[in-house]
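A structural model of the following input is requested.
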Amino acid sequence: MRIHHFSSEIWLARPIEEVFSFFSDAANLDSITPPWLSFRTVTRQPTEMHVGTVIDYRLRVRGFPVRWRSEITAWEPPYHFVDEQIRGPYRRWIHAHKFERRNGGTLVCDDVRYAVPFDWLLHRLVVRRDVERIFAYRADCLRRRFGSI
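From the prediction side, this is the model:
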């Protein structure tokens, strides 16, 4: 199984506590995910986040309905947390979120390790581009919400 890597950073003009609080509310993911995914959190909200919290989502990938379940595997407020896919469209999805105080605001770093079925075909043709588009959309939403340079 080939593991791919994607990372991104965005500086937001808000305190780390405020930014981490936004990210730690699973319901907020709906608002920063592109509409073409028809993404929604189905786990009852609010959900208390900690290691072992499981969150369920529904989305559409290229028109096909998909259920996604993730588990929080690391939780260190307000600096770091990790969610890992238990069930979903990827063979593996490990998403580390890191938050740093920086220049009067917060640097948000995303580090994703993932694997896809039929890697030799799907990754190059659609998955890599989709991951990049999802995180670009997310960055735009976060800039509008929190302010950025």
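
List phi and psi for the closest residue to residue 98 other than its chain neighbours.
Counting by Cβ to Cβ, 6 or more residues apart in numbering, residue 109 is the residue found nearest to residue 98 once chain neighbours are left out, at 4.2 Å. From N, CA and C alone the C-beta is placed, and that goes for glycine too. Per-residue torsions, residue 109: phi -120, psi 130 (degrees, to the nearest 10).

Is residue 109 bridged to anything, and to what?
For residue 109, the beta-bridge partners are residue 9, residue 98 (DSSP bridges).

now residue 67
Note on residue 67: beta-bridge partners by DSSP bridges are residue 58.

Residue 85 too?
residue 70.

my guess is it contacts residue 69, does it?
Yes: taking Cβ atoms under 8 Å as the definition, residue 85 is a contact partner of residue 69 at 7.2 Å.

which SSE is residue 132 in?
Using DSSP states H and E, residue 132 falls within helix 128-146.

Convert that helix to PDB, retaining C-alpha atoms only.
Taking Å, rounded to 0.1, in the frame of the first residue of the first chain, the C-alpha atoms of helix 128-146 are listed here in PDB:
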ATOM      1  CA  ARG A 128      -4.500  14.200  -5.500                       C
ATOM      2  CA  ARG A 129      -6.300  17.000  -7.300                       C
ATOM      3  CA  ASP A 130      -9.500  16.500  -5.200                       C
ATOM      4  CA  VAL A 131      -7.500  16.700  -1.900                       C
ATOM      5  CA  GLU A 132      -5.800  19.900  -3.100                       C
ATOM      6  CA  ARG A 133      -9.100  21.400  -4.100                       C
ATOM      7  CA  ILE A 134     -10.700  20.500  -0.700                       C
ATOM      8  CA  PHE A 135      -7.900  22.100   1.300                       C
ATOM      9  CA  ALA A 136      -7.800  25.200  -1.000                       C
ATOM     10  CA  TYR A 137     -11.600  25.700  -0.400                       C
ATOM     11  CA  ARG A 138     -11.100  25.200   3.300                       C
ATOM     12  CA  ALA A 139      -8.300  27.800   3.400                       C
ATOM     13  CA  ASP A 140     -10.600  30.300   1.600                       C
ATOM     14  CA  CYS A 141     -13.300  29.700   4.200                       C
ATOM     15  CA  LEU A 142     -10.900  30.100   7.100                       C
ATOM     16  CA  ARG A 143      -9.500  33.300   5.700                       C
ATOM     17  CA  ARG A 144     -13.000  34.800   5.400                       C
ATOM     18  CA  ARG A 145     -13.900  33.700   8.900                       C
ATOM     19  CA  PHE A 146     -10.800  34.500  10.800                       C
END
